[in-house]
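>>> Coordinates only, no sequence provided:
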């Protein structure tokens with residue numbers, strides 16, 4: 001699938017926003033736009049209107065050089081060179097986090113990869129057909145809390161799909177449940193504390209060196 005004609009423009013806007021030190025929330029506040037809408041616009045999943053472009057350009061204080069330096073799209077670019085990969089935060093040259101991608105998916109993948117406890121809050125109204133038993137859904141009319149203990153991650157067997165995540169859930173029995181990304185309201189990670197730094201061995205002072213030979217021992 002060839003890249004959209006607007007891809008170089010969106011690439012430039014994301015690049016400049018990073019250079020200006022503005023994340024999606026900060027830029028949305030300056031533009032006066034809903035954060036979720038701005039995220040979709042800059043990712044290319046929603047069309048960018050002229051008014052929105054002008055607002056973003058003013059918020060970023062784009063120079064004429066930045067506006068005129070947008071490369072043209074030839075339609076022959078490799079699909080693997082999509083702008084979302086260029087925007088991803090990298091560690092050792094490997095794409096790790098894409099701020100314009102699916103946040104819930106990335107956070108859950110990070111938690112499973114780290115092997116730490118996870119806690120999710122799901123919107124109950126969006127759980128129909130998820131595989132969660134009806135009596136469980138009735139007990140939580142607004143939000144369903146789900147805790148995923150790290151010790152059982154392999155039993156949860158997480159499978160990621162474009163529409164959501166599938167997990168093996170142990171309730172009153174074992175259930176296969178698929179949760180849509182839009183149903184996930186909150187994800188909490190429980191990272192393990194860092195290891196204590198090794199204590200440096202202090203060189204013994206000659207005056208503090210134990211005396212050679214016999215020693216006294218307290219006897220009770």
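Sure thing, it's come through. Since the structure is predicted, the reported quantities are computational estimates derived from the model, not experimental observations.
>>> Tell me which stretches of this structure form strands.
According to DSSP state E, the chain carries its strands in the segments 89-91, 94-97, 117-123, 143-148, 159-160, 164-170, 174-180, 184-190.
>>> rank these by mean pLDDT and give me the bottom one.
Ranked on mean pLDDT, the bottom entry among the strands of the chain is strand 89-91, at a mean of 53.
>>> Could you report the neighbour count for residue 132?
Residue 132 has 21 neighbours, counted by other C-beta atoms under 10 Å. From N, CA and C alone the C-beta is placed, and that goes for glycine too.
>>> my read: residue 183 touches residue 122, true?
Yes - with contact defined as C-beta atoms under 8 Å, residue 183 and residue 122 form a contacting pair (5.0 Å).
>>> Show me how the protein divides into domains.
Structural domains annotated on the chain: 7-86, 103-190, as defined by automatic domain parsing.
>>> per-residue confidence for the spatially closest residue to residue 37 that is not a sequence neighbour?
Nearest residue to residue 37, sequence neighbours excluded (C-beta to C-beta, 6 or more residues apart in numbering): residue 46, at 7.0 Å. pLDDT for residue 46: 88.
>>> just checking, residue 46 touches residue 39?
No - counting by C-beta under 8 Å, residue 46 does not reach residue 39; the two are 9.1 Å apart.
>>> Looking at the two, which has the bigger crowd around it?
A side-by-side neighbour count of residue 46 and residue 39, using other C-beta under 10 Å, places residue 39 first with 20 against 14.
>>> For that one, which non-adjacent residue is closest in space?
Nearest non-adjacent residue to residue 39, counting by C-beta to C-beta, 6+ apart: residue 24, 5.2 Å away.
>>> isn't the one you found right up against residue 42?
Yes - contact status for residue 24 versus residue 42: in contact at 7.4 Å, counting by C-beta under 8 Å.
>>> In the chain, mark out all the helices, start to finish.
Under the criterion DSSP state H, the chain contains helices at 7-19, 24-31, 35-43, 50-60, 64-68, 83-87, 103-114, 134-139, 153-156.
>>> quick one: the second one to helix 50-60, angle?
For helix 24-31 against helix 50-60, the angle by axes from the mean of the first three to the mean of the last three C-alpha atoms, to 10 degrees is 100 degrees.
>>> Go through the domains of the chain and find the least confident stretch.
Lowest mean pLDDT of the domains of the chain: domain 7-86, a mean of 80.
>>> Distance from that domain to the middle of the chain?
Put simply, domain 7-86 sits 20 Å off its chain's centre (C-alpha atoms, centre = their mean, to the nearest Å).
>>> on that earlier part again, so for residue 24 and residue 42, which residues contact both of them?
Taking C-beta atoms under 8 Å, 6 or more residues apart in numbering as the contact rule, residue 24 and residue 42 both touch residue 100.
>>> out of the two, which sits in the busier spot?
Using other C-beta under 10 Å, the more surrounded residue of residue 24 and residue 42 is residue 42, with 25 against 19.
>>> do you know how far the more buried one is from residue 13?
Between residue 42 and residue 13 the computed distance is 6 Å (C-beta to C-beta, to the nearest Å).
>>> What of residue 146?
36 Å.
>>> if we can go back for a sec, out of the domains of the chain, flag the one nearest residue 97.
Closest to residue 97 of the domains of the chain, according to C-beta to C-beta: domain 103-190, at 6.1 Å.
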